[in-house]
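Trainee: turn this into a model:
(one chain, ligands or ions: 3)
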Amino acid sequence: MDHNKLALPVGATLDRFIMRKQEDFPYATGELSQLLRDIALAAKIVNREINRSGLIDIAGAFGGQNVQGEDQQKLDVVANIRFIRALRNGGEVCTIISEEDEDMIQTGNLQGKYVVAIDPLDGSSNIDVNVSIGTIFSIYRRVSATGREGTAADCLQPGTHQVAAGYVIYGSSTMLVYTTGNGVNGFTYEPSLGEFFLSHPSIQTPATGTVYSVNEGSSESFEPGVAAFVRQCKERNFSARYIGSLVADFHRNLLKGGIYFYPATAKSPTGKLRLMYECNPLAFIVEQAGGKSSNGSRRTMEIEPKLLHERCPVFIGSKELVEQVEQFIVRESAAAATLL
Ligand SMILES: O=P(O)(O)OC[C@H]1O[C@](O)(COP(=O)(O)O)[C@@H](O)[C@@H]1O
Ligand SMILES: [Mg+2]
Ligand SMILES: [Mg+2]
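Mentor: Ligands and ions are numbered 1, 2, ... in the order given. This next block holds a predicted model:
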């Protein structure tokens, strides 16, 4: 398929872009297109809430904890409600996995063909301090027959089965970036028109970069290979950039080159980030943009999920940098093995 022939001009609306892309698939029924529109609609509503969060009473903690044992922020809950409502009302989604809900959420759309895994509000620790935050989503086709509720098998599919994935970044501007497996495109929101416009067509991430993003506060417990990679970054005068919002750190590195990683640490022995609604969707995006994502030794999207909220270490970004840290991990563990 010659994408250049079908390329839409910068400034095309998201709606028009979705419609045009649907034409690429003669057998497409429009359900995935509608689902992407439902997500964009919820993102507009959440964007409005975020922009005025300092003025209205949705700042601060909600008072409850989510399944991860994290204190929920009011905006975590608001965003969760908004996205679930939009997906339920849209009718295309049978079941939802959300960071804010322990169990699968059955929408009642028994004919819905899709399952969505979502991190409604990413970067919760940055909500009240006006730092970029985001939403991350991953879409699968159900494997069970329609006409009944979605099952665990519909939800626990490896990342390679994703039919679409993306994120919204609520930053100096609000952007929606997504893929359906045919490249990555970014859209910027124009609030006065209430529309997303194509602003970043066919995103490709640089093969390498000089930025590394990791919470060095836990570096004492990094495994030797990861510690060696961080040392190399410093020796090479890389810039350390860590916003503390995965979406924001990922987005910067996607456009400029670099690597984000959240390895296993003493505090988070299996890593902190969640496979289904943080690592897999961003891995699909970065691979479609020419980058790479792994848990240090295995391609993120090939990990077979066992739990809805399972965590995994992640190294994601420019291909050469992810390959370098993987080599350090292999080399250092081999060296450690010789000492045994
Ligand atoms: O404070 P830490 O340990 O560095 O963790 C920060 C990471 O945790 C997260 O906030 C986890 O996501 P949520 O905010 O959705 O729970 C990431 O956005 C971020 O990269
Ligand atoms: Mg998150
Ligand atoms: Mg979150």
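Trainee: OK, contacts around the residue of the chain found nearest ligand 2?
Mentor: Distances between the chain and ligand 2 by C-beta to the ion are smallest at Asp122, namely 3.5 Å. C-beta here means a position set from N, CA and C on the backbone, and glycine is covered the same way. By C-beta atoms under 8 Å, 6 or more residues apart in numbering, Asp122 lies in contact with Ile133, Gly134, Thr135, Ile136, Tyr167, Ser245, Leu246, Val247, Glu278.
Trainee: can you classify the nearest residue to it once chain neighbours are set aside as helix, strand or coil?
Mentor: Using C-beta to C-beta, 6 or more residues apart in numbering and skipping the chain neighbours, the partner closest in space to Asp122 is Gly134 (4.4 Å). Under DSSP: H, G, I helix; E, B strand; the rest coil, Gly134 falls in the strand class.
Trainee: grab the nearest non-local neighbour of Tyr212.
Mentor: Looking at Tyr212 with C-beta to C-beta, 6+ apart, the closest residue is Cys233, at 4.5 Å.
Trainee: if I read this right, that neighbour contacts Gly209, doesn't it?
Mentor: No. Between Cys233 and Gly209 there is no contact under C-beta atoms under 8 Å: 10.5 Å.
Trainee: before we move on, the earlier item: point me to the helix or strand that includes the residue nearest to Tyr212.
Mentor: Per DSSP states H and E: Cys233 is located in helix 224-235.
Trainee: now do the buried residues in that helix.
Mentor: Going by neighbour count (16 or more other C-beta atoms under 10 Å), the buried part of helix 224-235 is Gly225, Val226, Ala227, Ala228, Phe229, Val230, Cys233.
Trainee: low-scoring stretches of this protein, by residue?
Mentor: 1-9, 24-27, 56-59 (pLDDT under 70).
Trainee: interface residues of it facing ligand 2?
Mentor: Counting by C-beta under 5 Å from the ion, the residues of the chain close to ligand 2 are Asp119, Asp122.
Trainee: per-domain residue ranges of the chain.
Mentor: Per automatic domain parsing, the structural domains of the chain span 10-200, 211-338.
Trainee: residues near Val46, how many?
Mentor: Other residues lying near Val46 total 25 when counted by other C-beta atoms under 10 Å.
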